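Participant: Okay, predicted coordinates and the sequence, questions at the end:
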Amino acid sequence: FFTGYGAPLTDRQQAQLQIIHMHQGVSGVVWSREHNDAGFERENHAILDRLRGGE
């Protein structure tokens, strides 16, 4: 995905990106439960699963 954007991500940038993904996953699960959107909840659980090293 990042090919062509210049220098590779630094360790700090990689950590920041992981935190952003974590925030997206958690906030997405909360939002989807509040709005009864099971499909979106599954997508966000998948994000969290990938972050935990699962697939």
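Facilitator: Nice, I can see it.

Participant: Tally up the residues packed near residue 17, please.
Facilitator: By other Cβ atoms under 10 Å, 12 other residues sit near residue 17. All C-beta atoms are positioned from the backbone trio N, CA, C, and that covers glycine.

Participant: ok, now which ones touch it?
Facilitator: residue 9 (Cβ atoms under 8 Å, 6 or more residues apart in numbering).

Participant: Remind me which helix or strand it belongs to.
Facilitator: In the assignment (DSSP states H and E), residue 17 maps to helix 11-34.

Participant: any idea how far residue 5 is from the nearest residue to residue 47 once chain neighbours are set aside?
Facilitator: Sequence neighbours aside, residue 25 is the residue nearest to residue 47 in space, at 3.8 Å (criterion: Cβ to Cβ, 6 or more residues apart in numbering). Residue 25 sits 23 Å away from residue 5, going by Cβ to Cβ, to the nearest Å.

Participant: More neighbours: which of these two?
Facilitator: For residue 25 versus residue 5, the count of surrounding residues by other Cβ under 10 Å is larger for residue 25: 20 against 8.
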